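Visitor: the sequence isn't on hand, but the structure is:
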């Protein structure tokens, strides 16, 4: 028996729910440690040991391991995903990805989003939303920013499926 | 050899034979010299600014098959709470054959296997632009990646670095385009200070 997919996701984040200019502060944060940086950086075969060699980094201006930027970006987009991609059909792309300040083990990340644009797609059951995302550390300093374009279900087609 | 002949640093041999002579109570020790690691040649990794030229193509090493465990671990650790990535029945109800590989995992793996060729020798990341996810990837699919140097220039503010931009593309095992993007880094110059 097929599952009722709309019962498994939230009801306030369909295409119709996003308004251009809306600003979202995402509820959860996460502290970055060995699992987020060291494990995931190695899992994705990033060979730059500045992300996982504490001894070598002690001899640099940073003084300790730097968190791999794309892990910072992935966590910030992850923190925004329930509110901006739980009812996505597909992630389409990213643009303007920047890491504006270093992140270290022990830092805590939070995410913020703004709806920049929404438009029809080439299918009736979903539309395209472009978000700007920011990630900050516990002191409010911005560490990540970038745009993300997502194909999101329309409630009119998916809200009761 | 008598014990008193030993000098500091002579120990730590990987072959030590103790032979105590009952009459003299002398300890005879056969030592192998400890290796002098300063004489070992460093196997260098990565490329520096001078190694890049416009149009140069890198076929990156290794490739990577993404399995279900990679996807579940990555998706849950980054808190990407969309069931397409961790509920196979939900994904099948959307026409997929299995869970969908989290697109950020694709991006991270493709950057990961390009690091030795492009950025391991040191230099901060400046940006990724024009990233497109062209088609979904599923557990068991294999990524391979290549990059082309699209520009290089001097850094006005950092004399020890130059700025290089690459276009990176990754394909699945059927040679179908999965992801493409442009990445720009500061790249250490030969002989300059690295980070």
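Guide: Sure, I can see it. Because the structure is predicted, anything quoted here is derived from the model rather than measured. Numbers count the residues shown, from 1 in each chain, chains lettered A, B, ... in the order given.

Visitor: what sits against whatever residue of chain B ends up closest to chain A?
Guide: Relative to chain A, the nearest point of chain B is residue B:78 (3.4 Å; C-beta to the nearest C-beta). Yep, even glycine has a C-beta here, placed from its N, CA and C like the rest. Going by C-beta atoms under 8 Å, 6 or more residues apart in numbering or on different chains, residue B:78 touches A:36, A:40, A:71, A:74, A:75, A:77, A:78, B:102, B:104.

Visitor: for residue A:133, same thing?
Guide: Per C-beta under 8 Å, 6+ apart, neighbours of residue A:133: A:76, A:77, A:80, A:84, A:111, A:112, A:113, A:144, A:145, A:146, A:147, A:148.

Visitor: which among those residues are in contact with chain B?
Guide: By C-beta under 8 Å from any C-beta of the partner chain, the members of the contacts of residue A:133 lying near chain B are A:77, A:146.

Visitor: out of the contacts of residue A:133, which are inside strands?
Guide: A:111, A:112, A:113, A:144, A:145, A:146, A:147, A:148 (DSSP state E).

Visitor: which of those sits closest to chain B?
Guide: residue A:146 (7.7 Å).

Visitor: how about low-confidence regions in the chain?
Guide: No chain in the question, so chain A it is. Across chain A, the ranges flagged by pLDDT under 70 are A:1.

Visitor: nope, chain B please
Guide: Checking chain B against pLDDT under 70 turns up B:1-31, B:193-195.

Visitor: please enumerate the strands of it.
Guide: According to DSSP E, the strands that chain B contains are B:17-20, B:27-30, B:57-59, B:64-65, B:125-133, B:142-154, B:161-171, B:177-188.

Visitor: near chain A, anything from the last one?
Guide: This points to strand B:177-188. Yes - applying C-beta under 8 Å from any C-beta, one finds strand B:177-188 in contact with chain A at residue B:181.

Visitor: so what strands line up beside that strand?
Guide: Strand pairing for strand B:177-188, determined by DSSP bridges: strand B:125-133 (antiparallel), strand B:161-171 (antiparallel).

Visitor: just want the angle from that strand to strand B:142-154.
Guide: 40 degrees (axes from the mean of the first three to the mean of the last three C-alpha atoms, to 10 degrees).

Visitor: report the distance from strand B:177-188 to the chain centre.
Guide: With C-alpha atoms, centre = their mean, to the nearest Å as the basis, strand B:177-188 stands 15 Å off its chain's centre.

Visitor: tell me which residues of it are tucked away?
Guide: Within strand B:177-188, the residues scored as buried using 16 or more other C-beta atoms under 10 Å in any protein chain shown are B:178, B:179, B:180, B:181, B:182, B:183, B:184, B:185, B:186, B:187, B:188.

Visitor: for the last one, give the beta-bridge partners.
Guide: With DSSP bridges applied, residue B:188 shows beta-bridge pairing to residue B:161.

Visitor: wait, residue B:142 sits on residue B:172?
Guide: Yes - counting by C-beta atoms under 8 Å, residue B:142 touches residue B:172, with 6.6 Å between them.

Visitor: looking at the two, which has the bigger crowd around it?
Guide: residue B:172 (20 against 13; other C-beta atoms under 10 Å in any protein chain shown).
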